[in-house]
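>>> Sharing a model that was predicted from the sequence below.
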Protein chains: 2
Amino acid sequence: MSATRAKSVPDRRRAILDAAVKVFARQGFHACRVSDIADEAGVAYGLLYHYFPSKDDVLSTLFLERWGVMLEMIRAVDREPLPAREKLTAIASFIVDSYRHDPDLMKVIIVEVTRAANSFGQTHLAQIRQAYTLIAAIVTKAQQEGVFKAEIDAEFAAMTFYGAIEQVLTGWIFGLLPQGDDHFERAKQMVVETVCGGLECAVTPSKT
Amino acid sequence: MSATRAKSVPDRRRAILDAAVKVFARQGFHACRVSDIADEAGVAYGLLYHYFPSKDDVLSTLFLERWGVMLEMIRAVDREPLPAREKLTAIASFIVDSYRHDPDLMKVIIVEVTRAANSFGQTHLAQIRQAYTLIAAIVTKAQQEGVFKAEIDAEFAAMTFYGAIEQVLTGWIFGLLPQGDDHFERAKQMVVETVCGGLECAVTPSKT
DNA sequence: TCGCTGGTTGACTGACCAGTCAATCTATGC
DNA sequence: GCATAGATTGACTGGTCAGTCAACCAGCGA
């Protein structure tokens, strides 16, 4: 009865983080007030400063928490003896599933951190870069094995691959692409098929 | 002697816009003050409000000006009787050259508008969407001609293609990818080759 | 020379909001 | 029952900054 009592020991810190995700996603980091987060969490204004040194730090925490999980996941996949295409599929799946599981959180990470070259992007550049580097390593290995073309820089390919995924998420975030479980599954396949196999038909169709 | 006299009739409005590009690129839209723009332009604070109704409107003007040129360019390319791959190359070239010509402006457009799903991105969603739609139309046509695979949604392919380019620009903006005329030229080729031809080698190499 | 128009100036205002802090509450140990 | 530590509260402060506005000025026509 002492462990994890439902109401008696509420995790305020977690409540604040969850509320911040909602508020940041709805209003944007710059446009929202700290009091909006506190209200959403059902908590007094000052309590946020008991758990976090600043508003910025709340966003940083959200980002680092999630990004760390992703980096670990990429490293784990890379350790497996899988073909490059399947490694990339696993990464795409993870990111898409992250969005499916918590679209608000992914929206915040992409819009407020990953794609914000000024302010936050700058601060977390090292973390962001690691993802690109890990993907590039997968491409390099595939090139050495002769599975991927050598004439496309691995770093460049990594940017292309990641950029394609992030743009698809952005499409969902903006409401420009249709969402739903089946669309999410198709997206995983299509992004990998596009980047690995290309849009062009393998052989010129002799459809005569 | 009356037309375009160098110093006597300075275009303050243009000076303000150019200064805004520099300041937005350096400090970010939210982080900078209107006085920073005025200072950079060598103009009094109040003059900005003589030419623009608000700080927001300055950014909107910069975006709409440039984005309009790009949309017109895509439409023009699409009118030409070119193969899809060359159309995409032309679009990639235009965007890369835009960055080469004025990296600060492209940084501002991408970071503050295109990738800002909240705030500005929302306002100009219709404009942004048009670019995707035009690219998707090119893909659809290529699919009907049997040049591009039919199993990848055209809208999806458009997002992938545009996302790849934007991510490369972001790489330059963040200082994650090497810059320079030769890198820019290679980038044009590589992004199209990746998306159209794919990363994988056409035939499994029998390199035994 | 005078006055008008429109460009130009920058001090000022009003609103907003991140972060502080002293007071209050709650739980736990003795 | 009491004391202590940590959690919780929310009114308040200090600083910032977008946007205003009354005054000033330059050019030009009469």
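That came through, no problem. Numbers count the residues shown, from 1 in each chain, chains lettered A, B, ... in the order given.
>>> hmm, the helix or strand of chain A with the lowest mean pLDDT in reach of DNA strand C?
Of the helices and strands making up chain A, the lowest-confidence element is helix A:120-123, at a mean of 81, by mean pLDDT, DSSP states H and E. No: judged by Cβ under 7 Å from any atom of the strand, helix A:120-123 makes no contact with DNA strand C; its nearest approach is 13.5 Å. C-beta here means a position set from N, CA and C on the backbone, and glycine is covered the same way.
>>> what about that helix and chain B, touching?
Yes: counting by Cβ under 8 Å from any Cβ of the partner chain, chain B is contacted by helix A:120-123 at residue A:121.
>>> Next: stretch A:154-167.
Yes: using Cβ under 8 Å from any Cβ, stretch A:154-167 reaches chain B at A:155-157, A:159-160, A:162-167.
>>> Can you give the contact residues for the one helix or strand residue A:74 maps to?
Using DSSP states H and E, residue A:74 falls within helix A:55-79. If you take Cβ atoms under 8 Å, 6 or more residues apart in numbering or on different chains as the criterion, helix A:55-79 is touched by A:16-17, A:20-21, A:24, A:29, A:34, A:37, A:48, A:52, A:87, A:90-91, A:94-95, A:98, A:105, A:108-109, A:112-113, A:120, A:123-124, A:127-128, A:130-131, A:134-135, A:137-138.
>>> any idea how far chain B is from residue A:97?
18 Å (Cβ to the nearest Cβ, to the nearest Å).
>>> Please, which helix or strand holds that residue?
Going by DSSP H and E, residue A:97 is part of helix A:84-101.
>>> returning to that earlier point: remind me what the least confident helix or strand of chain A packs against, helices and strands.
helix A:55-79 (3 or more Cβ pairs under 8 Å, 6 or more residues apart in numbering or on different chains; DSSP states H and E).
>>> now the angle between helix A:84-101 and the helix it packs on, please.
150 degrees (axes from the mean of the first three to the mean of the last three Cα atoms, to 10 degrees).
>>> those helices in chain A, which residues are they?
A:12-27, A:34-41, A:47-51, A:55-79, A:84-101, A:103-108, A:120-123, A:125-144, A:154-174, A:181-192 (DSSP state H).
>>> Identify whichever of these lies nearest to residue B:83.
helix A:154-174 (21.0 Å; Cβ to Cβ).
>>> Next, the buried residues of that closest one.
Buried residues in helix A:154-174, counting neighbours by 16 or more other Cβ atoms under 10 Å in any protein chain shown, are found at A:154-174.
>>> Determine how far the last residue of stretch A:22-41 lies from the first.
Start-to-end span of stretch A:22-41 (Cα to Cα, to the nearest Å) is 10 Å.
>>> Format the CA atom coordinates belonging to stretch A:92-105 as CSV.
C-alpha atoms of stretch A:92-105 as CSV (Å, rounded to 0.1, in the frame of the first residue of the first chain):
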residue,chain,number,x,y,z
ALA,A,92,11.9,5.4,-39.4
SER,A,93,9.6,3.1,-37.4
PHE,A,94,10.8,4.4,-34.1
ILE,A,95,10.3,8.0,-35.1
VAL,A,96,6.9,7.5,-36.6
ASP,A,97,5.8,5.4,-33.6
SER,A,98,7.0,8.1,-31.3
TYR,A,99,4.7,10.5,-33.1
ARG,A,100,1.8,8.1,-33.0
HIS,A,101,2.3,7.6,-29.3
ASP,A,102,2.8,11.3,-28.4
PRO,A,103,2.2,13.7,-31.2
ASP,A,104,2.4,16.7,-29.0
LEU,A,105,5.8,15.8,-27.7
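>>> which one of the helices of chain A has the lowest average pLDDT?
When the helices of chain A are compared on average pLDDT, helix A:120-123 comes out lowest at a mean of 81.
>>> what's that one in contact with?
Residues contacting helix A:120-123 (Cβ under 8 Å, 6+ apart): A:29, A:56, A:59-60, A:63, A:112-115, A:128, B:174.
>>> on that earlier part again, so among the contacts of helix A:55-79, which ones count as buried?
A:16-17, A:20-21, A:24, A:29, A:34, A:37, A:48, A:52, A:87, A:90-91, A:94-95, A:98, A:105, A:108-109, A:112-113, A:120, A:124, A:127-128, A:130-131, A:134-135, A:137-138.
>>> okay, stretch A:52-60 in PDB with CA atoms only?
The C-alpha coordinates for stretch A:52-60 follow below in PDB (Å, rounded to 0.1, in the frame of the first residue of the first chain):
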ATOM      1  CA  PHE A  52      13.100  23.600 -12.700                       C
ATOM      2  CA  PRO A  53      15.500  26.500 -12.700                       C
ATOM      3  CA  SER A  54      13.800  28.200 -15.700                       C
ATOM      4  CA  LYS A  55      11.100  27.900 -18.400                       C
ATOM      5  CA  ASP A  56      13.900  27.100 -20.900                       C
ATOM      6  CA  ASP A  57      15.000  24.200 -18.700                       C
ATOM      7  CA  VAL A  58      11.600  22.600 -18.900                       C
ATOM      8  CA  LEU A  59      11.900  22.400 -22.700                       C
ATOM      9  CA  SER A  60      15.400  21.200 -22.500                       C
END
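>>> For it, what is the distance to the chain centroid?
19 Å (Cα atoms, centre = their mean, to the nearest Å).
>>> That stretch and DNA strand D in contact?
No: using Cβ under 7 Å from any atom of the strand, stretch A:52-60 stays clear of DNA strand D, with a minimum separation of 12.0 Å.
>>> buried stuff in that stretch?
A:52, A:55, A:58-60.
>>> what would these look like in TSV with distance to DNA strand C?
Formatted as TSV, the buried residues of stretch A:52-60 follow (distance: Cβ to the nearest atom of the strand, whole Å):
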residue	distance to DNA strand C
A:52	8
A:55	4
A:58	9
A:59	10
A:60	12
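>>> one step back: now find how far off-centre the least confident helix or strand of chain A is within its chain.
15 Å.
>>> Without its sequence neighbours, what residue ends up closest to residue A:42?
residue A:15 (7.1 Å; Cβ to Cβ, 6 or more residues apart in numbering or on different chains).
>>> Enumerate every residue touching the one you found.
Applying Cβ under 8 Å, 6+ apart, the residues near residue A:15 are A:41-43.
>>> any idea which of these is the one closest to DNA strand D?
Nearest to DNA strand D among the contacts of residue A:15, counting by Cβ to the nearest atom of the strand, is residue A:43 at 4.2 Å.
>>> Now do the residue of chain A at minimum distance from DNA strand D against residue A:55, distance only.
Going by Cβ to the nearest atom of the strand, DNA strand D is nearest to residue A:46 of chain A, at 1.6 Å. Distance, residue A:46 to residue A:55, by Cβ to Cβ, to the nearest Å: 13 Å.
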